[in-house]
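Colleague: what would the 3D arrangement of this be:
(one chain, ligands or ions: 1)
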Amino acid sequence: MAFRFRVKILVVSALFFPASLLPAQDGAFGDAGASGILERTRQEARVQKSAAAESVRRARGSAGCALAPGTSAVRTIREKSFVLERLADEPGAGAARYEIHIPVRFVKHPKLSAPDDYQDKMTALAARCYDEAAPAMRGPDGERLHISLDLTGAKTPGLAPQEIKVFGGYAWVPFSQWTVDYNCPTIVHETMHLLGLPDVYPMTRERYEIDATGKWVRWLTEEQARDLAPNRRKQMPRYCRPLGPVDSLLYDQYESYRAVGLPLSKADYLWVRRNECPRRQRSDPDPGKYLHCTEMLGAPADAEPTAAALGAFNVLGLGREGAAEKKSLFYPNEVHVLLYDASCDEKAGIFGRCIANSDRTVDETCLPYPAECSNGSFDWLTK
Ligand SMILES: [Zn+2]
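Modeller: Model (predicted):
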């Protein structure tokens, strides 16, 4: 586990897991984004119901907490606000359908280079990724979710947009900064942060170097740390965050995509790179993909896949053998917290009390944990 995680940090995250694993420039973790103070709006009033109706909803569980078809509400999770719209039911479809509108503004990155059409590129990429992920965005009762970014405010009146600094290529950045070269698993993972959902992977206590101004320079081995002056080295703090399963979207987006059988494209290539070539099955008549895989493993660790290698890789369908074990990218209670209010839905309430610890360090003291996220339990996500 430790080895695996370290490999992920050093190889994959450098390019594709940017800020979620790396210290922000002040050495603190968490969203350095400019979400600002988000206002509550008139729309929120629409969801306020009478006390009598509330008690009925409590008694009936999450189904009774759902918005009525054709209505919307502002939802706020960890100070991130978005508009949840329940679409009209489709005749005979059965399951409730929701559109999640996130108020966002793309701005050019102040330091990193960005293509002139960065806004169009980022918008198109996000929309394509959300459409692609939609069939796997399901709740425990079959609820169907679809995400869209609201760049004009038309769908999210009164909500301050979350500002995302856009660039091209790859860099180590806080997670409110997006590249037009993201792959879909990563963009969907980062989008979950815009909705207030926190990471659930364990934090290792890596040592790192800082410059004279306190900015992060590089990760250090124990040996390198010993050679540095004490004022030039730091160590990641111990975090209180509750953890989730490795195939959670908020733990490892690639594992989560693999688990539901969504295409990974470039991410697939990286997954094979950081793991191993799939074993050749006796029944498989195509030795080409194993040869190709061996070739990839021989390439430098930080090499970008060439278009030809990626094309061949996707045609061969490498790395997807274990796919489609899960029906949804979400664990059940992630959907509960996105769709239902904690005052009405018990599971959303437990989830909220667990994630109150997500950005806290042991030094700040952890808040009391509900049993569902105590001692490494994943029940707060899965049950
Ligand atoms: Zn993250």
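Colleague: now do the contacts for Ala66.
Modeller: For Ala66, the contact set (C-beta atoms under 8 Å, 6 or more residues apart in numbering) comprises Arg86, Ala96, Leu339, Tyr340. No exception for glycine: its C-beta is placed from N, CA and C like everyone else's.
Colleague: what strands line up against the lengthiest strand in the chain, and which way round?
Modeller: Counting residues, the longest strand found in the chain (DSSP state E) is strand 97-108. Sheet partners assigned to strand 97-108 using DSSP bridges are listed as strand 80-86 (antiparallel), strand 144-150 (parallel), strand 162-167 (parallel).
Colleague: what residues does the last one touch?
Modeller: Contacting residues not belonging to strand 162-167 are listed as 33-35, 80, 102-110, 112-114, 118-119, 122, 173, 176-180, 194 [C-beta under 8 Å, 6+ apart].
Colleague: ok so, going back, could the strands paired with strand 97-108 go into CSV alongside mean neighbour count, distance to the ion and mean pLDDT?
Modeller: Shown next, in CSV, are these (neighbours: other C-beta atoms under 10 Å; distance: least, C-beta to the ion, whole Å; pLDDT from 0 to 100):
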stretch, mean neighbour count, distance to the ion, mean pLDDT
strand 80-86, 22, 13, 98
strand 144-150, 20, 16, 98
strand 162-167, 20, 14, 96
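Colleague: returning to that earlier point: buried subset of the contacts of strand 162-167, written for PyMOL?
Modeller: Buried residues within those, by 16 or more other C-beta atoms under 10 Å, are selected in PyMOL with:
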select buried, resi 33+35+80+102+103+104+105+106+109+112+114+118+119+122+173+176+177+178+179+180+194
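Colleague: before we move on, back to that, for Thr382, which of the strands paired with strand 97-108 is the nearest?
Modeller: With C-beta to C-beta as the criterion, Thr382 lies closest to strand 144-150 of the strands paired with strand 97-108, at 17.8 Å.
Colleague: rewinding a little: which one of the contacts of Ala66 is nearest to the ion?
Modeller: The ion has its nearest neighbour among those in Leu339, at 21.0 Å by C-beta to the ion.
Colleague: surely that closest one touches Glu99?
Modeller: No - using C-beta atoms under 8 Å, Leu339 makes no contact with Glu99, being 11.6 Å away.
Colleague: of those two, which one has the most company?
Modeller: Leu339 (24 against 16; other C-beta atoms under 10 Å).
Colleague: could you check the pLDDT of that one?
Modeller: Looking at Leu339, its pLDDT is 97.
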